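Colleague: Sequence isn't available, so here's the structure alone:
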């Protein structure tokens with residue numbers, strides 16, 4: 001099968017960078033043999049703090065020069081925007097491009113989002129598209145200067161001859177781009193804009209080379225400025241053709257090779273590269289995340305969308321823009337989580353080796369060595385907790401917010417016993433500041449601790465601590481060989497073990513205390529007057545009357561004209577049936593309820609929803625499992641006449657001949673009647689246990705909410721009864737409890753139904769709900785969902801459990817219309833657990849947990 005052109009291009013984009021990096025690795029394998037990451041980390045730790053701050057400042061200044069790209073861009077569009085916004089937008093776009101890349105799409109998306117309120121979308125995208133090629137024009141100019149030996153790098157080119165065509169190709173880019181744009185004319189881009197963009201690009205690339213030179217000088221290397229810039233240009237061109245964001249890997253290897261040819265020790269070059277990546281990429285990226293957390297908060301995104309210039313384009317069909325907005329609205333929380341994760345990784349790297357500072361020497365001379373080891377364990381524990389809690393920060397839970405505060409406290413204690421380090425202190429302080437500023441956006445109380453999340457957290461912890469032990473042992477081995485100061489191997493193991501224990505104890509104690517002292521309220525307790533008023537005035541459904549059992553909680557709409565009834569079992573919230581009350585408020589009610597449920601860290605399930613409402617729940621992200629079908633009888637057409645109903649007619653006639661009577665008694669009921677009803681109920685139950693939740697049970701207050709149909713024998717003794725269950729719909733009736741004496745006459749159930757239908761018809765009812773036949777018409781076809789086929793096979797073929805097919809056959813003789821009932825469960829949540837939880841809730845009436 002032939003691949004189309006687009007497919008080939010996609011594959012090439014993926015394979016080519018990998019092939020180039022592998023090729024460069026092969027070319028530089030001899031230069032990589034003697035590198036020691038251990039020595040490089042030690043060298044970074046020995047740099048004075050003031051000098052390190054200056055290097056960070058130089059890196060930030062170099063990144064800040066790219067601000068003028070955006071100034072020129074907006075000037076070419078004749079658009080005025082606040083300089084503060086332009087600076088932040090530029091910083092976010094360029095720092096994201098350096099780390100994330102995607103061929104510049106990350107920066108393009110940021111600029112499009114933040115500048116769109118000031119300029120129409122198509123003009124903006126066109127201008128950005130013409131600006132993008134000029135970003136490398138500065139490197140093209142520098143490459144030409146290198147070929148002219150102004151910034152000499154011929155030693156590198158002669159040593160790795162495959163770099164000649166690369167540097168020549170990049171050098172030719174700028175004049176070819178000028179020729180192309182001039183042929184297109186001024187309608188594409190103004191010549192003045194090309195000149196200005198190219199000038200900024202030249203400053204950008206040159207300043208990045210200056211940062212590298214300053215880093216090497218800080219490390220004490222003796223190499224000329226021109227030589228460093230020349231090697232930097234060659235490495236930058238190699239990084240450019242690799243198409244990897246920031247040239248990671250390819251730039252570093254070529255620069256390493258070039259500086260070694262210039263006589264710089266490989267250890268110093270590697271150290272310099274690590275610092276360069278930190279001050280020119282990582283630190284600016286973190287600052288970009290901070291800016292993005294501010295710019296892409298929910299209110300800001302909403303404000304962008306509401307701008308007059310944005311709204312019409314969205315309505316006209318800006319689907320991509322709409323998706324972009326949805327993504328960007330999450331950037332703030334993603335940034336917080338990512339910064340916390342990076343802080344945890346930074347702590348990991350610093351905890352592997354002993355600190356090298358005068359502060360640590362001072363502490364070591366005065367404090368027990370064991371106490372300093374405990375401090376490093378606390379330090380590592382803080383980093384581990386940062387990594388484990390980062391996903392929960394993205395989900396904006398208050399519990400994770402408070403837990404990270406605590407983790408920061410332990411990390412600071414560890415730093416106090418290690419001696420404060422600029423990088424580690426900055427990482428923790430930045431996390432604390434960002435979380436404090438964003439604290440109001442953490443509206444969820446907690447997140448679910450599911451099996452999958454627990455497994456992912458465990459895996460992350462194992463990788464974090466396993467990597468710590470692996471690299472700690474590696475550094476110990478290398479350090480023992482060359483005399484570098486490292487932690488002994490047994491202390492590395494002790495750090496990992498103690499940090500694990502401390503973290504587990506902290507998590508378990510904190511979660512327990514949080515859950516103990518934090519009792520958020522979901523819904524409200526049963527209020528009979530409020531429920532009755534809503535049902536009477538606004539209507540209900542077949543399950544609404546079960547509210548009067550008083551065993552559930554209620555969630556009302558803002559107006560109080562609709563409600564849901566629910567119970568809790570474990571971490572599940574089980575809603576019984578569809579909303580009751582005003583149908584116009586059902587969608588808003590469900591949405592509000594689900595948001596509150598998820599804010600409290602529960603999983604919602606909805607039991608026995610009607611088929612006509614499935615589209616509503618589908619919009620809220622639910623899947624469905626068919627529970628069975630309910631038998632709905634048309635009372636107006638029901639009769640015992642005809643050959644088909646001969647059996648029912650015979651039962652009716654027999655009960656009349658034997659003097660059986662049926663009457664409907666309305667509440668309130670006398671104690672004597674309630675006692676008689678309970679006797680019948682107890683006889684019917686025998687050794688069985690009352691059910692609950694979706695089924696009524698014998699309770700005097702509940703029985704007094706609706707009429708009861710009573711069947712007596714000729715002597716007036718009570719044979720059986722059925723409790724009415726109003727549907728709060730005109731002309732619709734159902735029953736709940738139907739109980740009779742086990743030693744009563746045969747056919748008493750049919751006799752009671754027949755007499756009830758006659759009563760209902762006379763009373764003006766037209767519809768009667770006989771209740772559900774579980775798993776009726778479930779999984780009958782080969783194309784049905786496999787869960788439904790399995791359920792049907794199990795329950796319909798294991799007779800000693802329950803004969804659901806027999807129940808359906810019994811109700812079929814009343815010629816009902818069958819309506820499906822469904823269980824709604826969240827996508828990516830276990831259906832099996834949902835069914836088990838509902839079953840437990842129904843089966844164990846006395847053990848149900850009611851929310852406070």
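Modeller: Yes, it's here. None of the values given here were measured: they were computed from a predicted structure.
Colleague: contacting residues around the residue positioned nearest the centre of the chain?
Modeller: The geometric centre of the chain, computed from its C-alpha atoms, lies nearest to residue 395 (CA atoms, centre = their mean), at 5.7 Å. With contact taken as CB atoms under 8 Å, 6 or more residues apart in numbering, residue 395 is in contact with 333, 444, 447. Yep, even glycine has a C-beta here, placed from its N, CA and C like the rest.
Colleague: What does the pLDDT read for the second one?
Modeller: The pLDDT attached to residue 444 in the predicted structure is 84.
Colleague: re the thing from before, can you tell me which of the contacts of residue 395 are in helices?
Modeller: residue 333 (DSSP state H).
Colleague: so where do the helices sit in the stretch 101-250 of the chain?
Modeller: Counting by DSSP state H, counting those that start in this stretch, the stretch 101-250 of the chain has helices at residues 105-115, 121-134, 137-147, 154-159, 163-184, 191-218, 225-242, 250-261.
Colleague: Export those as a markdown table, with columns for mean pLDDT.
Modeller: Conversion of the helices of the stretch 101-250 of the chain to a markdown table gives the following (pLDDT from 0 to 100):
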| stretch | mean pLDDT |
| --- | --- |
| helix 105-115 | 75 |
| helix 121-134 | 79 |
| helix 137-147 | 89 |
| helix 154-159 | 74 |
| helix 163-184 | 79 |
| helix 191-218 | 90 |
| helix 225-242 | 86 |
| helix 250-261 | 82 |
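Colleague: measure residue 618 to residue 644 for me?
Modeller: Residue 618 sits 39 Å away from residue 644 when distances are taken as CB to CB, to the nearest Å.
Colleague: now swap in residue 769 and tell me
Modeller: Between residue 769 and residue 644 the distance, using CB to CB, works out to 22 Å.
Colleague: Between these two, point out the one with more neighbours.
Modeller: Higher neighbour count among residue 769 and residue 644: residue 769, with 20 against 11, using other CB atoms under 10 Å.
Colleague: circling back to that earlier point, minimum distance to residue 491: which of the helices of the stretch 101-250 of the chain has it?
Modeller: Closest approach to residue 491 among the helices of the stretch 101-250 of the chain is made by helix 191-218 (30.7 Å; CB to CB).
Colleague: Who are the packing partners of the closest one?
Modeller: Under the contact criterion of 3 or more CB pairs under 8 Å, 6 or more residues apart in numbering; DSSP states H and E, helix 191-218 touches helix 49-64, helix 67-76, helix 121-134, helix 137-147, helix 163-184, helix 225-242, helix 266-277.
Colleague: pLDDT (mean, whole number) over the shortest one?
Modeller: This means helix 67-76. Along helix 67-76, the predicted local confidence has a mean pLDDT of 89.
Colleague: for that helix, which positions count as buried?
Modeller: Under the neighbour-count criterion of 16 or more other CB atoms under 10 Å, helix 67-76 has 67-74, 76 buried.
Colleague: Relative to the whole chain's centre, how far out is stretch 170-179?
Modeller: Taking CA atoms, centre = their mean, to the nearest Å, one finds stretch 170-179 lying 46 Å from the centre of the chain it belongs to.
Colleague: correction: stretch 133-149
Modeller: Relative to the chain's own centre, stretch 133-149 is displaced by 44 Å; criterion: CA atoms, centre = their mean.
Colleague: Just the buried residues of it, please?
Modeller: Residues of stretch 133-149 classed as buried under the neighbour-count rule (16+ other CB under 10 Å) are 133-147.
Colleague: And the protein, split by domain according to the record?
Modeller: Per the record, the chain has its domains at 17-278, 331-517, by automatic domain parsing.
Colleague: can I get the ones you listed in TSV with distance to residue 747?
Modeller: Putting those into TSV (distance: least, CB to CB, whole Å) gives the following:
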stretch	distance to residue 747
domain 17-278	73
domain 331-517	51
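Colleague: out of the ones you listed, nearest to residue 669?
Modeller: Nearest to residue 669, of all the domains of the chain, is domain 331-517, at 43.2 Å by CB to CB.
Colleague: Which pLDDT value goes with the closest residue to residue 219 other than its chain neighbours?
Modeller: Counting by CB to CB, 6 or more residues apart in numbering, residue 268 is the residue found nearest to residue 219 once chain neighbours are left out, at 5.1 Å. In the predicted model, residue 268 carries a pLDDT score of 82.
Colleague: Also residue 717?
Modeller: Residue 717 is assigned a pLDDT of 90 by the prediction.
Colleague: Just give me the neighbour total for it.
Modeller: Applying other CB under 10 Å, we find 11 residues neighbouring residue 717.
Colleague: Backbone dihedrals for it, both of them.
Modeller: Main-chain dihedrals, residue 717, degrees, to the nearest 10: phi -80, psi 140.
Colleague: so who does it touch?
Modeller: Shown in contact with residue 717 (CB under 8 Å, 6+ apart): no residues.
Colleague: ok, back up a step: got TSV for the helices of the stretch 101-250 of the chain, with distance to residue 360 too?
Modeller: Compiled in TSV, those are given as follows (distance: least, CB to CB, whole Å):
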stretch	distance to residue 360
helix 105-115	40
helix 121-134	48
helix 137-147	42
helix 154-159	40
helix 163-184	44
helix 191-218	21
helix 225-242	33
helix 250-261	30
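Colleague: longest helix anywhere in the protein?
Modeller: With DSSP H as the criterion, the chain gives helix 451-482 as its longest helix.
Colleague: so how far is that one off the chain centroid?
Modeller: Relative to the mean C-alpha coordinate of its chain, helix 451-482 is positioned 26 Å out (CA atoms, centre = their mean).
Colleague: Mind listing what's buried along that helix?
Modeller: Of the residues in helix 451-482, those buried under the neighbour-count criterion (16+ other CB under 10 Å) are 457, 460-461, 464-465, 468-469, 471-472, 475-476, 479.
Colleague: Show me what that helix is packed against.
Modeller: helix 37-45, helix 331-351, helix 369-394, helix 489-517.
Colleague: can I get these in TSV with distance to residue 536?
Modeller: Compiled in TSV, these are given as follows (distance: least, CB to CB, whole Å):
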stretch	distance to residue 536
helix 37-45	75
helix 331-351	45
helix 369-394	45
helix 489-517	39
